[in-house]
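Participant: Sequence plus predicted model, see below.
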Amino acid sequence: MKQGFLSKNPSVLWFLAALGFFTLCVTVLSEAAGIGLISTSFVKTLGKTLCLCLVAVAMDVVWGYCGILSLGHFAFFGIGGYAIGMWLMYARTEIIVVKSLSAAAIPPTPEEITASVGQQIFGVVGATDFPWLWAFADSLFLQLLMVVLVPGLLALVFGWLAFRSRVTGVYLSILTQAMTLALSLYLFQNDSGLRGNNGLSGLQNIPGFEQTPQALISVWFFWASALALALGYVLFAWVVSGKMGSVVRGIRDNESRVRFLGYHVETYKLFVFTLTAVASGIAGALYYPQAGIINPAEIAPIASIYLAVWVAIGGRGRLYGAVLGAALVSLLSSWFTGGGAPNIPLGFYTIQWTDWWLVLLGLSFVAVTLFFPKGIGGLFDLIVRKGDQK
Amino acid sequence: MSTLLELSGVSVSFDGFRAINNLSFQIGEPELRAIIGPNGAGKTTFMDIITGKTRPDEGRVIFGEKSVSLLKMSESQIARSGIGRKFQKPTVFEAQTVRENLAMALSNPRGPFDVLLYRKTPTGARRIEEIAAEIGLTDHLTRRSGELSHGQKQWLEIGMLLAQDPRLLLVDEPAAGMTPAEREHTTDLLKRAAATRAVVVVEHDMEFVRRLDCKVTVLNEGSVLAEGSLDHVTKNQDVIDVYLGR
């Protein structure tokens, strides 16, 4: 079945080949391989970019294919990051605490260790006890399960409530914005149990791998991100092909027609919404160990809007378009805002890209919407059409 | 001929306006029935009630041998239990090919996982060919349906209804905007469809209704004004007053 699917969708094979080649190049040129043409921090940036590409693919499925303009998928991304961050932070603090207490004359009891870990983690928000949220933080397996379950359940409940009330279009977008705003405001509170605006930090240190250089860890995470993107891409390409794709695009173009054909539209929307939320959660769980820190600002509403902008610029309704848009815009964004782009002195005024990047992004979004509604991915159509004419 | 669908004492109002007023209606299987009536007579609301889009304030809507009530079912459940609907404006999935449109409508399991794991079968392909031949779109199966002419889109939508294999077909103004030749084809299509199932056609065009050559129900102000052959109802004084005489 898979073989038939891949042979019918050559663009998936092209994508996998390109991703594989890219992964190989980055690995060979990384500091871990000894050449060091690509710095460790840039390997991390590229790995993070692959995670962003995965959320963008998920966003493209839910918006570009199913027509649900969700402006809340970054919330699921952030939840995935928090879920893995809790284990990373707990396990690492525990190792440090055990080490420092081992010097004491009387060996510490497990209660003392837990109390001390709690003090280390929550001292910053004036608390010492573990909130209930952290009940499973000592288990990597359970927290990995949370990466999938929490975004999945949230999407399932939220989607069920929204879709069964037939909330569509801009109203649904507003609801999803409200969801992500509520979540980020809640997390900003010190007593939310997730360290308020401090967020979770030190996530780049992987417990049990203290002696492993970051150069190597960055390559591992880069591979994991590439693998996740590849698997996610193939999964979603499969979902949006064939009859499922037909029904999903039908829902985007004419919901009630699909309904009168006998399909339960709400179930389909819920399926797509939840599946993409889970993918976003996994992407987030791979992103934040590379970023090293997660705080509630990450899931502010604007992040989810950026996501929609990436997909629009890259080209809705084609998965490689979403990947291109996310990679290009997020890399450009870190280049412009990171001081990489040279400022332009105009004599009377100097254009500083750290300030003007957003204006540039906004203008290109407007330009793409007006003049290239198919986005960057639409350029491929032109190439293919030229090929056909020859 | 047994009764397939029965509406009795159905009323519905929107903001105080009685769109359907104590309406009773029956159709057997197989049967072809035309519904005519002036604008605002409640023709579209009538279809909305049967297909579950509008819930009536009172009355009963009963379908099939087991006399199941349609009032508690969702639109998609009603569609799955054998009622197909064609909208006034042709609504096909323009971004998809004719074949994809028909494949989506084929009567197969409708759950997301059934659809996700769905594989093309020779039976399904044959059925699509049959329907395409029936609606005259055999040569257009691989075309995007957005490229079809207006009449062809109407036929494609009728074809999608046939693919659903419904027992009751509700067709809203199928001949609107069609050339005379296209109308003739549409009439034949509907007559053939009605040989094995119940077909309800809402239509304004008297000439078209005459060609359907079937029992006619006249709706006015949300209830049945007259019923019978076209000649019978056109001689009815009430019908002449509210509809024909204008």
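Facilitator: Thanks, I have it.
Participant: Determine the three-state secondary structure at B:A19.
Facilitator: What DSSP: H, G, I helix; E, B strand; the rest coil gives for B:A19 is strand.
Participant: Distance check, it against chain A.
Facilitator: Between B:A19 and chain A the computed distance is 19 Å (C-beta to the nearest C-beta, to the nearest Å). The C-beta positions use only the backbone N, C-alpha and C, and glycine is treated the same way.
Participant: Can you name the residues that contact that residue?
Facilitator: B:12-13, B:42, B:45, B:222 (C-beta atoms under 8 Å, 6 or more residues apart in numbering or on different chains).
Participant: from the residues you listed, which is closest to chain A?
Facilitator: Closest approach to chain A among the contacts of B:A19 (C-beta to the nearest C-beta): B:T45, at 15.4 Å.
Participant: does any bit of the host helix or strand of the closest one sit next to chain A?
Facilitator: Secondary structure from DSSP states H and E places B:T45 in helix B:43-50. No: contact of helix B:43-50 with chain A is not found when judged by C-beta under 8 Å from any C-beta of the partner chain; the minimum separation is 10.2 Å.
Participant: Buried ones only from the contacts of B:A19, please, as a PyMOL command.
Facilitator: A single PyMOL command suffices to select whichever of these are buried according to 16 or more other C-beta atoms under 10 Å in any protein chain shown:
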select buried, chain B and resi 12+42+45+222
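Participant: Please convert the contacts of B:A19 to TSV, extending it with distance to A:P131 and pLDDT.
Facilitator: TSV is the format used below for the contacts of B:A19 (distance: C-beta to C-beta, whole Å; pLDDT from 0 to 100):
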residue	distance to A:P131	pLDDT
B:V12	53	93
B:S13	54	91
B:G42	60	87
B:T45	55	91
B:G222	61	89
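Participant: Could you grab the helix/strand/coil label for the residue in chain B that chain A sits nearest to?
Facilitator: The nearest approach of chain B to chain A comes at B:A79, 3.6 Å away (C-beta to the nearest C-beta). Under three-state DSSP, the three-state class of B:A79 is helix.
Participant: What sits closest to it if chain neighbours are left out?
Facilitator: Of all residues not flanking B:A79 in the chain, A:G262 sits nearest, at 3.6 Å (C-beta to C-beta, 6 or more residues apart in numbering or on different chains).
Participant: Just give the number of residues close to B:E75.
Facilitator: Residues near B:E75, counting by other C-beta atoms under 10 Å in any protein chain shown, number 22.
Participant: surely A:G377 meets A:G321?
Facilitator: Yes: under the criterion of C-beta atoms under 8 Å, A:G377 makes contact with A:G321 at 2.7 Å.
Participant: So for those two, which residues contact both of them?
Facilitator: Residues touching both A:G377 and A:G321 (C-beta under 8 Å, 6+ apart): A:314-315.
Participant: Spit out the contact partners of A:V239.
Facilitator: By C-beta under 8 Å, 6+ apart, the residues touching A:V239 are A:61, A:245, A:248, A:272, A:275, B:116.
Participant: A:F209 too?
Facilitator: The contact partners of A:F209, taken as C-beta under 8 Å, 6+ apart, are A:I217.
Participant: Give me the nearest residue to A:V62, chain neighbours excluded.
Facilitator: With C-beta to C-beta, 6+ apart, the residue lying closest to A:V62 is A:T276, at 4.5 Å.
Participant: Could you do A:I35 as well?
Facilitator: A:L29 (5.4 Å).
Participant: Surely that neighbour is in contact with A:I38?
Facilitator: Yes: counting by C-beta under 8 Å, a contact exists between A:L29 and A:I38, whose distance comes to 4.6 Å.
Participant: Looking at the two, which one has more neighbours?
Facilitator: Neighbour totals were compared for A:L29 and A:I38, and A:I38 leads with 22 against 17 (other C-beta under 10 Å).
Participant: mind checking pLDDT for that one?
Facilitator: A:I38 is assigned a predicted lDDT (pLDDT) of 90.
Participant: Check which helices and strands the helix holding B:T45 sits against.
Facilitator: Under the contact criterion of 3 or more C-beta pairs under 8 Å, 6 or more residues apart in numbering or on different chains; DSSP states H and E, helix B:43-50 touches strand B:2-14, strand B:17-29, strand B:168-172, strand B:198-202.
Participant: okay, it in PDB with CA atoms only?
Facilitator: This file holds the C-alpha atoms of helix B:43-50, laid out as PDB (Å, rounded to 0.1, in the frame of the first residue of the first chain):
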ATOM      1  CA  LYS B  43     -40.400  24.600  -1.100                       C
ATOM      2  CA  THR B  44     -36.800  25.000   0.100                       C
ATOM      3  CA  THR B  45     -37.800  24.800   3.700                       C
ATOM      4  CA  PHE B  46     -39.700  21.600   3.000                       C
ATOM      5  CA  MET B  47     -36.500  20.100   1.700                       C
ATOM      6  CA  ASP B  48     -34.500  21.500   4.600                       C
ATOM      7  CA  ILE B  49     -36.900  19.700   7.000                       C
ATOM      8  CA  ILE B  50     -36.600  16.400   5.300                       C
END
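Participant: what's the angle from that helix to strand B:17-29?
Facilitator: Angle between the axes of helix B:43-50 and strand B:17-29 is 70 degrees (criterion: axes from the mean of the first three to the mean of the last three C-alpha atoms, to 10 degrees).
Participant: Might you name the residue of the stretch 201-350 of chain A sitting closest to chain B?
Facilitator: Closest to chain B within the stretch 201-350 of chain A is A:G262: 3.6 Å, counting by C-beta to the nearest C-beta.
Participant: Helix, strand or coil: sort out that residue for me.
Facilitator: Per three-state DSSP, A:G262 ends up coil.
Participant: what about residue 16, how many neighbours?
Facilitator: Picking chain A for this. Other residues near A:L16 come to 16 when the count uses other C-beta under 10 Å.
Participant: Switch to chain B, please.
Facilitator: Residues near B:G16, counting by other C-beta under 10 Å: 5.
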